[in-house]
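J.: Next one to model:
(2 chains)
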Amino acid sequence: MLDVLKIRNDFPILNREVNGKPLVYLDNAATSQTPQQVIDVIVDYYSRYNANIHRGVHALSQEATDMYEQARLKIQAHFNIEKYNEVIFTSGTTHGINLIANGFSSIIKERDEILVSAMEHHSNIVPWQMLAERTGAVLKVIPMNDEGELLMTEYDQLLSNNTKLVFCNHVSNALGTVNPIAEIIKKAHEVGAAVLVDGAQASPHIKADVQQLDVDFYTVSAHKMCGPTGVGVLYGKEEWLNKLPPYQGGGEMIAEVTFEKTTYADLPHKFEAGTPNICGGIAFGAALDYMNNLGFDEIAAYENELLEYATQKLLQIEGLRIYGTAKEKTSVISFNIKGIHPYDIGTILDKLGIAVRTGHHCAQPIMDFYDIPGTVRASFSFYNTKEEVDKLAEGVERARTMLV
Amino acid sequence: MGIKAIQEEIVDEFSMFEDWMQRYEYMIELGKSLPLINEKYKTEDNIIKGCQSKVWVHAELEEDKLVFTADSDAIITKGIIAILIRAFSNQKPQDIIDADTDFIDEIGLKEHLSPTRANGLVSMVKQLKLYAVAYQTQLN
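T.: Reported below is the predicted structural model:
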């Protein structure tokens, strides 16, 4: 059982006030907060051994390289990645997706089919649209039902020998749905298609085992899981990564350069052009240590408890509808109140010190599906409390009475 | 009444409120009382599209004065545009172009001022001024 009050002491930001009220931070799906243990690692890096990595002969460069590569090992262990060189550092999930979409330009042919789920956010739609435009491939959408669950029978029908790629998020950022990715991957493989899973929203709640899932590509962002912004990881099966051309040129991705011909470095450096976010990578490793010390099972159990409590509380409010009521959900509640624009609710909540997300959450097709301009999204983390959920419910009720 | 005098009136009204709650309640009231834009003017051309809410603004010259009508799908945004319409509607285009906008700093709605927000106060003022420039060119 998590000692949440003790955990909260690790997060200095949770002690601040917003608009004269204690901060209630419920925008964790956008970015999570950073514990002191991770902040200390960042300060330590810049205070003691800030240097460029991989090519320096001096001590600082060696230390920074060691720490950066140790972080890679931590990531490898966390996601149960078979080989060290299958861990590619990126600037975040979007970078990982773009890297793969770009790489497949040389593999995808005209009339090949790319399947994408109906509940993707823009980062997992636009790069594939661009790939389809470049190659003449056809983008098809796996539809969902009103509860926000993918229609797996429709998926079965969409799959064919023409399907070359399937893209799906593990967890929807706008609805909280946990998608049946193991089944999606298995079925895609039966027709010879590769699968990329966007794990950005799942990674703070679920410890993905990429070998067990047999996923081809899995990508995450550090800042969703107590790490800093601007760093993430793309996992790819070695056989796939070897087939794909480099994404960007320069820096560590080079083996040898002459003006006639350049040869590329081996994995993972082939995809890590330029000076990476060294401090960010090291801090990502520290963030994984922090979360693993708490325990992902314990985190999930507590967050589920918060989700259930918040769902019950919010549903007591007149006219409130929750979007995304899948059987398998993480701690995200997307809602609206009849006749009130989500922006208005978010604005009032902000005045009460409560941070939620409002709008289309960069997932406009989902909003189009429900025919709404957006939702208010409260997303909970392991450091949130039931008292904060109570404040949210009181705030929403107050907003309702002001706005109706 | 000239733009300056109306702006002073608005600043005075907002200075009477003691807290954010009253200020927002007033804005919500203003939003609710804003005369609705004619549906035929709620077009893509008239939209100030933001990430969060939509604002439609229509401008029409009546004799030598510019009359604005507007609407928004969010009530607080509608309150904001209502304040601006009160300040700038029924005025000569050149007066709208020349008007300063210091009053928006003084009404305590700092969070709505950001120029990076497409439907923030600053963007809306810019849009109204653009209409004024267009009609002034026409008058010349």
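
J.: Just want the most central residue of the chain.
T.: You didn't say which chain, so I picked chain A. A:Ala200 (1.1 Å; Cα atoms, centre = their mean).

J.: try chain B instead
T.: Note: chain B centre (Cα atoms, centre = their mean) maps to B:Leu84, 2.5 Å.

J.: Find the closest residue to chain B in chain A.
T.: A:His341 (3.7 Å; Cβ to the nearest Cβ). Backbone N, C-alpha and C define where each C-beta goes, glycine included.

J.: What is the burial count for that residue?
T.: 26 (other Cβ atoms under 10 Å in any protein chain shown).

J.: how about low-confidence regions in the chain?
T.: Using chain A. Across chain A, the ranges flagged by pLDDT under 70 are A:251-252.

J.: meant chain B actually
T.: B:49-51, B:110-111, B:113-119.

J.: So which bits of it are right by chain A?
T.: By the rule Cβ under 8 Å from any Cβ of the partner chain, the part of chain B lying against chain A is B:20-21, B:24-25, B:28, B:51-54, B:73-77, B:111.

J.: just checking, which of those belong to helices?
T.: B:20-21, B:24-25, B:28, B:75-77 (DSSP state H).

J.: Wasn't A:Val376 part of a helix?
T.: No. Applying DSSP: H, G, I helix; E, B strand; the rest coil, one finds A:Val376 to be strand, outside a helix.

J.: Tell me who's in contact with it.
T.: A:334-336, A:342, A:345-346, A:349, A:356-358, A:396 (Cβ atoms under 8 Å, 6 or more residues apart in numbering or on different chains).

J.: you'd agree A:Glu183 is up against A:Met152?
T.: Yes. Counting by Cβ atoms under 8 Å, A:Glu183 touches A:Met152, with 6.8 Å between them.

J.: Tell me what A:Val87 is bridged to.
T.: A:Tyr235 (DSSP bridges).

J.: Against which helices or strands is the helix ranked longest in chain B packed?
T.: For chain B, the helix reaching the highest residue count under DSSP H is reported as helix B:121-139. In terms of contacts (3 or more Cβ pairs under 8 Å, 6 or more residues apart in numbering or on different chains; DSSP states H and E), helix B:121-139 is packed against strand B:47-49, strand B:54-62, strand B:65-72, helix B:75-88, helix B:93-98, helix B:103-106.

J.: Buried deepest among those, which one?
T.: helix B:75-88 (a mean of 24; mean count of other Cβ atoms under 10 Å in any protein chain shown).

J.: which element is A:Ile182 on?
T.: Heads up, residue A:182 is Ala, not Ile. helix A:181-190 (DSSP states H and E).

J.: neighbouring contacts of that helix?
T.: A:115, A:150, A:152, A:155-156, A:159, A:163, A:166, A:168, A:170, A:194-195, A:197, A:212-216.

J.: Now a ChimeraX select for only the buried ones of the residues you listed.
T.: In ChimeraX, a selection of the buried entries from the contacts of helix A:181-190 looks like this (16 or more other Cβ atoms under 10 Å in any protein chain shown):
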select /A:115,150,155,159,163,166,168,170,194,195,197,213,215,216
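
J.: Take the contacts of helix A:181-190 and keep only those in strands.
T.: Counting by DSSP state E, those place A:115, A:163, A:166, A:168, A:194-195, A:197 in strands.

J.: Need the max-distance pair from the residues you listed.
T.: Maximum pairwise distance among these (Cβ to Cβ): 15.6 Å, between A:Thr163 and A:Val197.

J.: Tell me the residue of chain B that sits nearest chain A?
T.: B:Ala74 (3.7 Å).

J.: What is the neighbour count of that residue?
T.: 27.

J.: quick one: contacts for it?
T.: A:341, A:343-344, B:52-54.

J.: All set now, cheers.
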